[in-house]
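>>> let me see the structure of the following:
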Amino acid sequence: MKRYLFAFILLACVFDGALARVAHLLPVPKVVRTLDGSGFRLRGAVAVDDDFGCAVLRGWVSEWGHVRTDAKRRVVVKPSLISFSKEKERPSDEWYRLRVEKDSIVIEAVSAVGVIRAVASLRQLAMDCGGRLESVEMMDYPSFAVRGWMHDVGRSFVSMEELKREIRLLSQFKVNLLHLHLTENQAWRFEVKGYPQLTDASSMSRDKGKYYTQEECLELSAYARKYGVTIMPEIDMPGHSDAFRRALGFDMQTEAGKSVLKEALNQLAGAFPYSPYLHIGADEVQIHDKTFISEMIHHVHQLNRKVALWIPAGGNPEGADLTTLWSTAGRVTGGIPAIDSRYNYINHFDVFADVVGIYRSNVYYRSQGDSVVLGSMAAVWNDHALESEKDIVRQNNLYASVIASACRAWTGGGDGYIEELGTQLPYEGEGLEEFVEWENRFLYHKQWSLREADIPYVRQGNVCWMVSQPFPNGGSKDSAFAPEDDEFKGMGAGSDMGYETYRVRGAGIYLRHTWGKIVPTLFGHVGINHTAYAWTNVYSPKEQDAGALIEFQNYSRSENDIVPEAGCWDRKGSRIWLNGKELKGPDWNRAGERLARETPLTDENLTGRTPVRIHLRKGWNRVFLKLPYVDSGIRLNKWMFTFVITDTTGRDALPGIEYHAEAPSSNLKPQTSNLKSQISNLKPQTKKTAAIKYNFLRFQ
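Below is the predicted model:
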């Protein structure tokens with residue numbers, strides 16, 4: 001098994017761009033098979049016969065050919081001829097069947113959205129194809145109706161250009177919901193005619209003067225609809241409303257306040273004509289007007305729109321049509337349909353481990369959607385300012401996180417919920433193989449369909465470590481223990497096996513997660529004032545310069561944290577050595593400062609700085625980490641480490657190298673620990689795939 005797994009990962013590293021094109025499809029289709037034949041040539045004249053009039057299809061054809069009604073080669077789109085005896089068997093609006101042959105492409109769908117999803121698959125098949133699509137037949141549909149992402153544009157403005165780019169790129173992976181959180185304490189970003197003071201720069205505390213006109217909202221709505229993406233706009237009420245009070249001088253929970261909000265909702269409905277849901281927030285505030293929520297729900301219903309709100313909410317959600325679940329307290333309420341965003345706040349995510357967690361986890365304890373759990377949403381809450389919208393995308397690892405979440409919701413399955421699995425990549429077995437398969441496909445698209453996006457994620461499925469047991473340090477970050485003594489006496493940590501060790505895998509490892517015991521990790525049950533060690537051995541086929549992505553504290557984009565001192569990696573005393581030489585931490589732009597939320601994060605996270613320049617000798621290289629866990633003065637004190645070797649730019653993992661947890665010159669075997677890991681002892685699960693059923697709800 002180990003030999004097979006190593007070969008599988010090595011093959012993935014070497015042949016990123018050379019696998020069969022069907023192997024690049026993401027998400028993985030429910031049913032797909034290649035056909036005999038030479039495939040469809042992507043140039044020249046082609047006839048398009050489309051009963052749905054899909055603009056995305058015609059645009060794709062126009063990129064490589066020209067449309068002529070008398071052409072022999074044809075692209076044909078037709079309504080599904082499948083009959084369903086019962087209403088509950090009616091398929092998702094996104095269902096499609098696709099067949100590609102030498103002289104024809106035939107798409108069968110139940111709606112225009114299904115055609116858009118088929119075109120997304122065609123685009124992926126056409127990448128790097130040598131001008132000819134392979135002959136293939138597939139049938140596909142989502143296991144969950146909703147695969148979305150949210151931007152907190154109320155706090156941190158995101159331009160129309162960037163929103164359109166994300167819609168266009170993410171729709172290629174069948175993402176279908178964009179939630180726009182338009183109002184916040186920092187600013188009100190939606191133009192309300194008759195109340196210009198709401199969007200006046202004087203009422204804003206961040207990105208002053210930036211907002212969306214109603215004409216821009218209409219434009220964005222039409223653009224999203226073209227790509228099969230539903231926009232869910234939110235006016236948060238009655239909380240998160242400091243900007244509203246600054247602008248108007250009165251509270252939302254007054255008669256005057258409610259009057260303004262109703263007019264704002266009227267105009268919001270007009271500016272987003274294709275949005276079935278208007279979101280009204282309703283969380284994190286003391287509601288003293290007991291009829292406020294029900295009154296606003298009733299008003300939205302009068303606009304012939306449905307109401308969404310956050311759960312847990314500040315008031316009674318009765319009458320709402322949809323809930324978005326947040327925090328561990330977010331639970332399905334009263335049978336109201338829900339979108340799971342409980343552990344998908346990617347502003348708390350690191351680049352590597354949390355992507356593993358979000359991809360391996362099912363959606364709210366389910367392997368397939370139903371009438372209550374509609375899907376999942378990855379949310380970007382930039383409570384803390386960042387310097388630019390480019391930083392919002394990069395520092396939150398937006399594309400890898402959203403696509404991992406959307407792929408799980410489209411494919412269904414999962415090995416369990418994140419509260420059971422945590423964020424650790426399995427060391428071996430089917431769980432690892434499934435993730436590496438996703439990683440192969442995603443990294444292929446990073447080079448092709450996502451090449452204009454800023455993506456810090458690199459390959460991690462081949463990175464492996466030994467981690468020592470935690471040693472009580474009495475609160476001293478400088479205390480040294482047996483692994484450290486062994487390492488620097490020349491024996492190598494773990495050589496005498498006088499302490500417990502664990503094999504782990506991945507570029508990012510949590511010893512204790514952001515959410516403590518709630519999300520299980522290697523030492524999630526171990527408290528503060530301990531020290532652990534980690535080490536790996538890296539084989540380089542030649543002497544070479546390289547980059548390294550290194551991190552010991554991921555700064556959530558929502559905190560007022562203290563920056564490490566110059567030359568230190570974090571405030572816990574973490575250290576790292578390469579071939580016995582210590583790698584010093586950065587000098588930091590604001591070393592030792594506590595950052596107010598309006599002081600932008602810059603180089604505090606690895607996503608905000610260039611990779612560390614390292615030198616690899618030919619042959620074996622030793623990486624050794626010391627990981628104290630003491631009070632750092634940081635609220636979300638993460639016990640973690642990130643290390644992966646990249647090219648000197650940091651864009652891609654360095655090709656041609658191998659990681660080995662055990663010393664290659666030793667016959668030592670990993671030890672079974674008496675201090676059982678909450679993660680590594682989980683048995684690989686049988687790969688779960690959702691059954692082929694047609695019991696989805698309309699979301700469009």
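>>> can I assume residue 611 is in contact with residue 652?
No - if you go by CB atoms under 8 Å, residue 611 and residue 652 don't touch, sitting 10.8 Å apart. For every residue, glycine as well, the C-beta is placed using N, CA and C.
>>> overlap of the contact sets of these two?
residue 646 (CB atoms under 8 Å, 6 or more residues apart in numbering).
>>> enumerate every residue touching residue 255.
Per CB under 8 Å, 6+ apart, neighbours of residue 255: none.
>>> tell me where the model's unsure across this protein.
1-20, 81-91, 495-497, 664-700 (pLDDT under 70).
>>> and the residue nearest the centre of it?
Note on the chain: the residue nearest the mean C-alpha position is residue 401, at 1.3 Å, using CA atoms, centre = their mean.
>>> name the SS class of that one, please.
Three-state call for residue 401 (DSSP: H, G, I helix; E, B strand; the rest coil): helix.
>>> how about it, nearest residue that isn't a chain neighbour?
residue 346 (4.4 Å; CB to CB, 6 or more residues apart in numbering).
>>> got phi/psi on the one you found?
phi -70, psi -10 (degrees, to the nearest 10).
>>> ok, now which ones touch it?
Taking CB under 8 Å, 6+ apart as the definition, contacts of residue 346 comprise 354, 378, 379, 380, 396, 397, 398, 401, 402.
>>> do a quick rundown of the strands in the stretch 51-200 of the chain.
Here the stretch 51-200 of the chain has its strands, by DSSP state E, counting those that start in this stretch, at 66-67, 74-79, 96-100, 104-109, 132-133, 136-140, 146-151, 177-181.
>>> now do the domain split for the protein, please.
Following automatic domain parsing, the chain resolves into domains at 31-140, 464-660.
>>> returning to what we had before: neighbour count: residue 611 and residue 652, which is higher?
Taking neighbours as other CB atoms under 10 Å, residue 611 and residue 652 compare with residue 611 leading, 21 against 15.
>>> show me what contacts that one?
Residues near residue 611 by CB under 8 Å, 6+ apart: 547, 548, 549, 646, 648, 649, 650.
>>> relative to residue 648, how far out is it?
7 Å (CB to CB, to the nearest Å).
>>> strands of the stretch 501-650 of the chain, start to end?
501-505, 508-512, 530-540, 544-551, 575-578, 581-582, 612-616, 619-629, 639-646.
>>> actually the stretch 251-400 of the chain, sorry about that
277-281, 306-311, 322-325, 338-340, 373-380.
>>> just those: most buried one?
The highest mean neighbour count among those, using mean count of other CB atoms under 10 Å, belongs to strand 338-340: a mean of 28.
>>> which other helices and strands contact that one?
strand 322-325, strand 373-380 (3 or more CB pairs under 8 Å, 6 or more residues apart in numbering; DSSP states H and E).
>>> what's the closest of the ones you listed to residue 153?
strand 373-380 (9.5 Å; CB to CB).
>>> by contact count, what packs against the closest one?
strand 146-151, strand 177-181, strand 338-340, helix 398-411.
>>> alpha carbons of stretch 302-313, as CSV, please.
What follows is stretch 302-313, C-alpha atoms only, in CSV (Å, rounded to 0.1, in the frame of the first residue of the first chain):
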residue,chain,number,x,y,z
GLN,A,302,-44.7,41.8,0.1
LEU,A,303,-42.0,42.4,-2.5
ASN,A,304,-42.5,38.8,-3.7
ARG,A,305,-39.0,37.9,-2.5
LYS,A,306,-37.9,35.3,0.1
VAL,A,307,-36.1,36.2,3.3
ALA,A,308,-32.8,34.9,4.5
LEU,A,309,-31.1,35.6,7.9
TRP,A,310,-28.2,34.4,10.0
ILE,A,311,-28.6,31.6,12.6
PRO,A,312,-28.1,32.1,15.5
ALA,A,313,-30.2,35.2,15.2
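>>> quick one: contacts of it?
For stretch 302-313, the external contacting residues (CB under 8 Å, 6+ apart) are 232, 234, 265-266, 269, 275-283, 293, 296-297, 300-301, 317, 319-327, 329-331, 333, 338.
>>> at 6 Å what do you get?
For stretch 302-313, the surrounding residues in contact (CB atoms under 6 Å, 6 or more residues apart in numbering) are 269, 276-280, 282-283, 297, 300, 317, 320-326, 329-330, 333.
>>> how about stretch 523-541?
Residues contacting stretch 523-541 (CB under 6 Å, 6+ apart): 465-468, 470-473, 475, 483, 493, 511-512, 517, 616, 620-630, 656-661, 664, 678.
>>> could you do stretch 396-414 as well?
Outside stretch 396-414, the residues within contact range by CB under 6 Å, 6+ apart are 27-28, 142-144, 147, 149, 173-175, 344, 346-347, 349, 351, 355, 358-359, 361-363, 367-368, 375-376, 378, 380, 453, 455-457, 688-690.
>>> same thing with stretch 115-125?
Contacts of stretch 115-125 (CB under 6 Å, 6+ apart): 21, 24-25, 52, 54, 56-57, 60, 77, 94, 96, 98, 107, 109, 133, 172, 174, 228.
>>> mind redoing it with 7 Å?
21, 24-26, 52, 54, 56-57, 60, 77, 94, 96, 98, 107, 109, 133-134, 136, 138, 171-172, 174, 227-228, 449 (CB atoms under 7 Å, 6 or more residues apart in numbering).
>>> got the buried residues for stretch 112-128?
For stretch 112-128, a neighbour-count test (16 or more other CB atoms under 10 Å) marks 112-126 as buried.
>>> next: stretch 482-500.
So stretch 482-500, judged by 16+ other CB under 10 Å, has buried residues 482, 483, 484, 486, 487, 492, 493, 494, 499, 500.
>>> that one: end-to-end distance?
In stretch 482-500, first residue to last residue: 11 Å (CA to CA, to the nearest Å).
>>> that one: how far from the chain's middle?
Centroid separation for stretch 482-500 versus its chain: 38 Å, with CA atoms, centre = their mean, to the nearest Å.
>>> and what of stretch 615-622?
With CA atoms, centre = their mean, you get 33 Å for stretch 615-622.
>>> that'll do, ta.
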